[in-house]
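Engineer: got a structure for you, letters missing:
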Ligand SMILES: [Zn+2]
């Protein structure tokens, strides 16, 4: 990549780059979008084909909307129209069925509001436009449609719409607000920023993530890859960040945050000139400049997380540039002796034109009496009076960077066979909290040696997972305490909730919780999920690993199966309101608040448990084949991202047979079987015994199949274990020959399949 030469040339063309007028002017034009009384045309049989959908404007009137940036970007159709859309994947048809009561769209329309930055404008060129009457209702509908993308803060707007309308190039954006003759209105979108660019929304009634529209279905356009390996289309990479941050104590003992970030940009395709970055809502820009020293135009408001940066001109593929941005804000809150530093906050401008990992070079200037930890290797530190300066460098590209700081005590631990650990916890913060609780009449036990306890669990689980999956990618670990009820894991850095530093719950939850975060060093940080559909390979894997670790240290199955049972109840309870695990975050809604947890973490863990059971050696009860498979997956995809299909490929390599049925059922599907099971002993003509089973399968599609583990109790402490391949509505199965008749059987031994089992009389 070469350095940008275009900037100085362009600086001559644009003398005035000091204000945000361009942004505001454009924003006002968008908000003022309205039908033009002299741009009305009769339309018949105009067909708009986008992303597999077909919108037909059969007969009616088309009203052109006022221009934005001199371009026509909108129109309204009133009359008789039609839409048809069938999502290509069964999981998506199921989502549509669940959310709008039909697996495909095939609907009559009486109004379509269009917004576009694509070929639509040329399709409208042949119409005969002239003056006419604009019904008041049309104006009102346009106004409320435009308003539905407005942000909560003044002058903010849905980035996926704004990016296309700020930039004048035709980039493929297409929005159609569909008023159906029957049913609620829908929004169809082609979002050029995403790989899965085809989206259908309905008005929001419960989604947490979007304020006005809920995703009904999403998929890549028919031409393109079947399985997206990235979330964002890779238009601009940010291969390198150099960030210097100042954390200065205020009179109130809070910390002021200010920083300068030097962001390297490399355009992979034509993009901009306006570029979108994520930056914490609290942070405000002081100034920004390009590599040649010219001022960079930016737009950011407090309370919103979009940072818009205007490049001197539209970037062409191959262009590279560096922009430097100075910013500050109330990023860190202090309450009692805790510093609230949200581990996932965008404390530097995060790229929204691509999601490739970046190298980070981080410098912190912080009060000498607080300990600080960040990602990467701490290369040097120095003390200047009361200010400590530390320098951190990531050795390999990382998708994110974070830091934590507090009134910590450092506990350094070295255990054999695992990388060194530095545990940072705040005894003082615990003490203040205890005193506060005591004043309020509560009793909170003093903890002791919690750094040692947590370090031991982290080291033990690191060792256990290194043994199972191979060594982790990182050769040193920080384990820091955060004042939240959650844990977060970053490359070589694990943030754990203060709760797990308070005590260790007897039910195994703390060992599980700590090990879950440790497991993310392999799953999530080592192998990264490619898109939201694959997040179960981070959270589900880590949840399974937490259970597996618990099983190993407790030397028994009790807690392992107790957690799996609890997950099963959660999954069933929320089943009507959730879809496949493969739908990722789309399983979380206000109607199904626990949906994300249940489908991604808990069912994800069940999927891995089922693979473990499928690969279990029934003679030796060993997991060797399973852990060899997991190790291979980590070896193959470590330091890069993987899709669910990538994982299936590795599983197939180790199992030796196609496994699409397994992933289609359990990850991309959401059926859970109920088995009605009857059994009897039978004697073969040769006088040998065997078990005969009759299994009726319910609540699943006819082609559903599973290998169910059966354990037959032969008496005198002898058991025979075998697998039965259950398929079809009802069938009989004969077990293997046994030395004697079974006294009883356990169908679905070791929870081998996520299923309800109901035993019946033969
Ligand atoms: Zn996790």
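Structural biologist: Happy to help now that I have it. Note that the coordinates shown come from a computational prediction; the quantities given were computed from them, not determined experimentally.

Engineer: number of nearby residues for residue 400?
Structural biologist: If you count neighbours by other C-beta atoms under 10 Å, residue 400 ends up with 17. Placement of C-beta: from N, CA and C, glycine included.

Engineer: Can you find the helix or strand of the protein with the lowest average pLDDT?
Structural biologist: Counting by mean pLDDT, DSSP states H and E, the weakest-scoring helix or strand in the chain turns out to be helix 6-13, with a mean of 36.

Engineer: Can you name every helix or strand that the next helix or strand after that helix contacts?
Structural biologist: Sequence-wise, the next helix or strand downstream of helix 6-13 (DSSP states H and E) is helix 21-31. Applying 3 or more C-beta pairs under 8 Å, 6 or more residues apart in numbering; DSSP states H and E, one finds that helix 21-31 contacts helix 136-147, helix 159-166, strand 297-299, strand 306-310.

Engineer: Take those and write them to JSON lines, including distance to residue 522.
Structural biologist: Listed next are the helices and strands packed on helix 21-31 as JSON lines, based on distance: least, C-beta to C-beta, whole Å:
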{"stretch": "helix 136-147", "distance to residue 522": "46"}
{"stretch": "helix 159-166", "distance to residue 522": "33"}
{"stretch": "strand 297-299", "distance to residue 522": "38"}
{"stretch": "strand 306-310", "distance to residue 522": "33"}
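
Engineer: what's the domain layout of the protein?
Structural biologist: 21-219, 232-405, 408-502, 537-666, 674-759 (automatic domain parsing).

Engineer: okay, how far is it across the last one, tip to tip?
Structural biologist: With C-alpha to C-alpha, to the nearest Å applied, domain 674-759 spans 11 Å between its terminal residues.

Engineer: for stretch 505-524, same thing?
Structural biologist: 26 Å.

Engineer: Is any residue of that stretch near the ion?
Structural biologist: No - Stretch 505-524 lies apart from the ion when judged by C-beta under 5 Å from the ion; the minimum separation is 5.6 Å.

Engineer: residue ranges for the helices of the stretch 51-200 of the chain, please.
Structural biologist: 90-100, 120-123, 136-147, 159-166 (DSSP state H, counting those that start in this stretch).

Engineer: now, of those helices, which is deepest in the fold?
Structural biologist: Among those, helix 159-166 has the highest mean neighbour count (mean count of other C-beta atoms under 10 Å), at a mean of 23.

Engineer: Nearest approach to the ion belongs to which of the helices of the stretch 51-200 of the chain?
Structural biologist: helix 90-100 (22.9 Å; C-beta to the ion).

Engineer: what's near enough to touch the residue lying closest to residue 653 once chain neighbours are set aside?
Structural biologist: Once flanking residues are discounted, residue 653 sits nearest to residue 632: 7.1 Å by C-beta to C-beta, 6 or more residues apart in numbering. Contacts for residue 632 were tallied using C-beta atoms under 8 Å, 6 or more residues apart in numbering; they are 650, 653, 654.

Engineer: and if we set it to 10 Å?
Structural biologist: If a contact means C-beta atoms under 10 Å, 6 or more residues apart in numbering, then residue 632 has 469, 470, 650, 651, 653, 654 as its contacts.

Engineer: want to try TSV for those residues, with secondary structure as columns?
Structural biologist: Below are the contacts of residue 632 laid out as TSV (DSSP: H, G, I helix; E, B strand; the rest coil):
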residue	secondary structure
469	helix
470	coil
650	helix
651	helix
653	helix
654	helix
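
Engineer: my guess is residue 145 contacts residue 35, does it?
Structural biologist: No - the criterion here is C-beta atoms under 10 Å, and residue 145 misses it with residue 35 at 11.7 Å.

Engineer: and residue 636, helix, strand or coil?
Structural biologist: Residue 636 is classified as helix under three-state DSSP.

Engineer: Now the helix or strand containing residue 723: average pLDDT?
Structural biologist: Using DSSP H and E, residue 723 sits in strand 718-727. Strand 718-727 carries an average pLDDT of 95.

Engineer: what lines up beside it in the sheet?
Structural biologist: With DSSP bridges as the test, strand 718-727 is paired with strand 705-715 (antiparallel).

Engineer: Could you pull out the buried residues of the strand it pairs with?
Structural biologist: 706, 708, 709, 710, 711, 712, 714 (16 or more other C-beta atoms under 10 Å).

Engineer: What of stretch 416-434?
Structural biologist: Those would be 418-419, 421-427, 429-430, 432-434, for stretch 416-434 by 16+ other C-beta under 10 Å.

Engineer: residue ranges with poor pLDDT in the stretch 151-300 of the chain?
Structural biologist: 205-211, 224-227 (pLDDT under 70).

Engineer: The stretch 301-450 of the chain now?
Structural biologist: Those would be none, if you go by pLDDT under 70 across the stretch 301-450 of the chain.

Engineer: which residues of it fall in strands?
Structural biologist: 306-310, 320-335, 338-340, 350-351, 359-367, 371-374, 377-384, 387-393, 403-406, 409-413, 421-425 (DSSP state E, counting those that start in this stretch).

Engineer: Can you give the strand pairings for the second one, parallel or anti for each?
Structural biologist: This points to strand 320-335. strand 255-267 (antiparallel), strand 283-290 (antiparallel), strand 338-340 (antiparallel).

Engineer: And for the fifth one?
Structural biologist: Here the strand partners of strand 359-367, with direction, are listed using DSSP bridges: strand 236-249 (parallel), strand 387-393 (antiparallel).

Engineer: Turn the domains of the chain into CSV, including distance to the ion.
Structural biologist: Putting these into CSV (distance: least, C-beta to the ion, whole Å) gives the following:
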stretch, distance to the ion
domain 21-219, 18
domain 232-405, 12
domain 408-502, 7
domain 537-666, 5
domain 674-759, 20
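
Engineer: What does residue 530 show for phi and psi?
Structural biologist: phi -70, psi -40 (degrees, to the nearest 10).

Engineer: Nearest to residue 457 among the helices of the stretch 51-200 of the chain would be which one?
Structural biologist: helix 90-100 (36.9 Å; C-beta to C-beta).

Engineer: gap between that closest one and the chain center?
Structural biologist: For helix 90-100, the gap between its own C-alpha mean and the chain's C-alpha mean amounts to 20 Å (C-alpha atoms, centre = their mean, to the nearest Å).

Engineer: Which strands or helices does it pack on?
Structural biologist: With contacts taken as 3 or more C-beta pairs under 10 Å, 6 or more residues apart in numbering; DSSP states H and E, helix 90-100 sits against strand 198-203, strand 213-219.

Engineer: what would those strands look like in CSV with mean neighbour count?
Structural biologist: Formatted as CSV, those follow (neighbours: other C-beta atoms under 10 Å):
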stretch, mean neighbour count
strand 198-203, 21
strand 213-219, 22
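
Engineer: Next, format those strands as a markdown table and append distance to residue 140.
Structural biologist: Formatted as a markdown table, the helices and strands packed on helix 90-100 follow (distance: least, C-beta to C-beta, whole Å):
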| stretch | distance to residue 140 |
| --- | --- |
| strand 198-203 | 16 |
| strand 213-219 | 19 |
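
Engineer: so which of these gets nearest residue 59?
Structural biologist: strand 198-203 (24.4 Å).

Engineer: How about residues contacting stretch 148-156?
Structural biologist: Contacts for stretch 148-156 (C-beta under 10 Å, 6+ apart): 20, 23-24, 27-28, 30-31, 115, 157-162, 165, 175, 177, 187, 201, 203-204, 211-213, 281, 299-306, 308.

Engineer: before we move on, the earlier item: got CSV for the strands paired with strand 320-335, with distance to residue 102 too?
Structural biologist: What follows is these, written out as CSV (distance: least, C-beta to C-beta, whole Å):
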stretch, distance to residue 102
strand 255-267, 41
strand 283-290, 44
strand 338-340, 45
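
Engineer: Fine, thanks again, bye for now.
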